[in-house]
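Chemist: Make a model of this:
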Amino acid sequence: MFSQKKTTINLIKAEKMIGRQTPDEELNIFTGAVLFEHDSVLLYCDSAVLRNKANTLDAYNNIRIKINDTLNLYGNLLFYDGNTRLATVIDDVKLVDNDATLFTDKLWFNRNSGIGYYNTNGRIINNENELVSREGYFHTNTKILYFKKNVVLTNPDYRLESDTLVYNTSTEIAYISGPTTIRGKDEFMYAEEGWYETKNGKTMLKTNPYVIDGERYIAGDTIFYEKDIDAGDVFGNVFLKDTIQKLNVQGDYCKYRRGEGYAFVTQKPWATFVEKNDSLWLHADTLRLYFDSIGQADKFTAYNHCKFFKKDIQGKCDSLTYNLNDSTIIMYERPVVWTQDTQITSELIKIFTSHNSIDSMYIFNSAFIISMDETDPNSFNQVKGKNMKAYFTENELYKINVLGNSETIYFVREEDGSLIGINRAFSANMEIFVADRQITDIFYFDKPDATLFPEEEIQPNELRLRDFRWHDAERPKTSEDIFLWDNK
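Modeler: Residues are numbered from 1 along each chain as shown. Predicted coordinates for the structure are as follows:
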């Protein structure tokens, strides 16, 4: 409560005055361009009733209360108590501050605190911002408004809806303190805590925040978003979803720059390429998504310690590029690909996919394909060459073209699985056919040299081509294994 010295309401002027005396009160009725003064505040009206003993004033029509040089209160009916300095203004009420104007049907204004209160719907105009609510408090000294119930803030860029909102008319910043939505032309935001700078579109969102930007959904513990440059930063439990590409990226930090054409996620990130029956999980130190000129994702890259897992194909490399338009994957630096019992290695691997399945694979420089023998897990069929093209149907390898310095070792067996011998072959180029994960035919081109050795005539060290390495220990067996890295 404010302790205030009581002062009387003083008449400055009026065109006409009528005095009335009652046992309890002395009434003065004033009409015509009436002006009062009370504690440096001027009160204008067309007519008024002043109760001298009670020190109260009832004023009617064209009311203006000049509180100071920048703050004026208007209406058509006023009840003012000179002792408490409380004013109740009714009908076509308007509170005009230097920075903002409040419109409502009824306003209680406390001169001691400088606070105006309404509960019959109010509307605030502050430059390009318009705010409406069922209930509100206007702190004229601090330029802060507190809105409650059915709060809506609109400007040329956004529409904000909430049940509770704090707004500063000087800074034009809205402070979120409850479930709130913000809608723009291309984006939608939700949070239960944060702030929104209406001048520049900068936003900070906390407590269950998310942003929908076109076809992308972005969530995290804290989101900073800047509309003017279409950029944001997300901290903690990042979840980025691209609905067109059916791609989810998660991590602990996201730098989102749609205006510049990219987004990246770091701090233990992983991505999921969502498919109906079999999704692909991928992890690397940094995951990056690129956007085309209309903002659609067209390329995905993974840098450093990249591993991926899908039921029918797994892979490992230092870095990876996935062209989302033509479904082409390029693996760089010591790539390894596993499909069923087959391992593929080289310096660079390019995978062509269609309808979520591998069509073909280009294997460049030091190409090496190893598959475990169907009968003996310690025996391996091997194909080696400078470059290779591998062809697949339903993710099953069925043909290999070996281009340059071709070498093979494969185990030839009877239908019952008994070993006939071990075939070693050399040629400039080869074409190899595979069925049921076993080599069925080999065609040699240009100076072939092939020998079928009985098992007892071949030495153990001759069962491995040079540079043979079986990387099964590094192979991800589950989606959780993509986070394991052994530097091999």
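Chemist: From here on, just use CA atoms for contacts and neighbour counts.
Modeler: Will do.
Chemist: Provide a list of residues in contact with the residue nearest to N68 when sequence neighbours are not counted.
Modeler: Residue nearest to N68 in three dimensions, not counting chain neighbours: V41, with 7.0 Å by CA to CA, 6 or more residues apart in numbering. Contacts for V41 (CA atoms under 8 Å, 6 or more residues apart in numbering) come out as I65, K66, I67, N68.
Chemist: Select from the residues you listed every entry located in strands.
Modeler: I65, K66, I67, N68 (DSSP state E).
Chemist: Does the second one touch L73 like I think?
Modeler: Yes. K66 sits in contact with L73 when judged by CA atoms under 8 Å, with a separation of 6.6 Å.
Chemist: So for the two, which residue has more residues nearby?
Modeler: L73 (22 against 18; other CA atoms under 10 Å).
Chemist: Which secondary structure elements does the least confident helix or strand in the chain by mean pLDDT sit against?
Modeler: Across the helices and strands of the chain, mean confidence by mean pLDDT, DSSP states H and E is lowest for strand 438-445: a mean of 84. When contacts are defined as 3 or more CA pairs under 8 Å, 6 or more residues apart in numbering; DSSP states H and E, strand 438-445 packs onto strand 419-435.
Chemist: Pull up the pairing partners for the strand it packs on, direction included.
Modeler: strand 396-413 (antiparallel), strand 438-445 (antiparallel), strand 449-453 (antiparallel) (DSSP bridges).
Chemist: pLDDT value on the residue lying closest to N55 once chain neighbours are set aside, please?
Modeler: Closest residue in space to N55, ignoring its immediate chain neighbours: G82 at 5.4 Å, by CA to CA, 6+ apart. Per-residue pLDDT puts G82 at 95.
Chemist: Burial check on T408, number of neighbours?
Modeler: Neighbour tally, T408, other CA under 10 Å: 24.
Chemist: Please name the nearest non-neighbouring residue to it.
Modeler: V383 (4.5 Å).
Chemist: Comparing the strands paired with strand 419-435, which comes out most buried?
Modeler: Of all these, strand 396-413 carries the top mean neighbour count, a mean of 22, counting by mean count of other CA atoms under 10 Å.
Chemist: State the mean pLDDT of that one.
Modeler: Average pLDDT, strand 396-413: 91.
Chemist: Off-centre distance for it?
Modeler: In terms of CA atoms, centre = their mean, to the nearest Å, the centre of strand 396-413 is set 47 Å apart from its chain centre.
Chemist: With stretch 366-379 instead?
Modeler: 45 Å.
Chemist: got a list of contacts for it?
Modeler: 341-347, 380-388, 411, 417, 437-438, 463, 470.
Chemist: Figure out the length between the terminal residues of stretch 465-474.
Modeler: Start and end residues of stretch 465-474 are separated by 20 Å (CA to CA, to the nearest Å).
Chemist: Tell me the buried residues in that stretch?
Modeler: L465, E474 (16 or more other CA atoms under 10 Å).
Chemist: ditto for stretch 257-270
Modeler: Neighbour-count burial for stretch 257-270, counted by 16+ other CA under 10 Å, picks out R257, R258, G259, G261, Y262, A263, F264, V265, T266, Q267, P269, W270.
Chemist: Among those residues, which ones are in strands?
Modeler: R257, Y262, A263, F264, V265, T266, W270.
Chemist: what's the neighbour count on the residue nearest to the last one when sequence neighbours are not counted?
Modeler: Yep, that's W270 we're talking about. Excluding the flanking residues, the one nearest W270 by CA to CA, 6+ apart is H283, at 4.4 Å. For H283, the neighbour count with other CA under 10 Å is 29.
Chemist: Backbone dihedrals for H283, both of them.
Modeler: Reported as degrees, to the nearest 10, the phi and psi values for H283 are phi -130, psi 140.
Chemist: that older thread, which one of the contacts of V41 has the most neighbours?
Modeler: Neighbour counts for these (other CA under 10 Å) peak at I65, which has 22 neighbours.
Chemist: Correct me if wrong: that one contacts S40.
Modeler: No. If you go by CA under 8 Å, I65 and S40 don't touch, sitting 10.8 Å apart.
Chemist: Pull the number of nearby residues for the residue nearest to Y118 when sequence neighbours are not counted.
Modeler: Nearest non-adjacent residue to Y118, counting by CA to CA, 6+ apart: L107, 4.9 Å away. Neighbours of L107 under the rule other CA under 10 Å: 29.
Chemist: and L107, what does it touch?
Modeler: T88, V89, I90, V93, G116, Y117, Y118.
Chemist: 7 Å instead?
Modeler: T88, V89, I90, G116, Y117, Y118 (CA atoms under 7 Å, 6 or more residues apart in numbering).
Chemist: and W281, bridged to which residues?
Modeler: In beta-bridge terms (that is, DSSP bridges), W281 pairs with T272, F309.
Chemist: And G404, how close does it get to T181?
Modeler: From G404 over to T181 the distance is 62 Å, taken as CA to CA.
Chemist: got a pLDDT number for E275?
Modeler: E275 is assigned 83 on the pLDDT scale.
Chemist: hang on, the earlier thing: do you know which of the strands paired with strand 419-435 lies nearest I212?
Modeler: Nearest to I212, of all the strands paired with strand 419-435, is strand 396-413, at 39.0 Å by CA to CA.
Chemist: quick revisit: partner residues bridging the residue nearest to Y118?
Modeler: Here L107, judged by DSSP bridges, has bridge partners V89.
Chemist: mind checking how far the residue nearest to N68 is from N323?
Modeler: 71 Å.
Chemist: now do N28
Modeler: Distance from N28 to N323, by CA to CA: 86 Å.
Chemist: With R464 instead?
Modeler: Applying CA to CA to R464 and N323 gives a distance of 36 Å.
Chemist: Also N62?
Modeler: With CA to CA as the criterion, N62 and N323 are 70 Å apart.
Chemist: Same question for T56.
Modeler: Distance of T56 to N323, computed by CA to CA: 78 Å.
Chemist: So which of those two has more stuff around it?
Modeler: T56 (21 against 16).
Chemist: Isn't that one up against V49?
Modeler: No. Judged on CA atoms under 7 Å, T56 makes no contact with V49 at a distance of 8.4 Å.
Chemist: need the contact list for Y362.
Modeler: Contacts of Y362 by CA under 7 Å, 6+ apart are I349, K350, I351, M388, K389, A390.
Chemist: what's the spatially closest residue to K310 that is not a sequence neighbour in contact with, if anything?
Modeler: Closest residue in space to K310, ignoring its immediate chain neighbours: L280 at 4.7 Å, by CA to CA, 6+ apart. L280 is in contact with T272, F273, V274, F308, F309, K310, counting by CA under 7 Å, 6+ apart.
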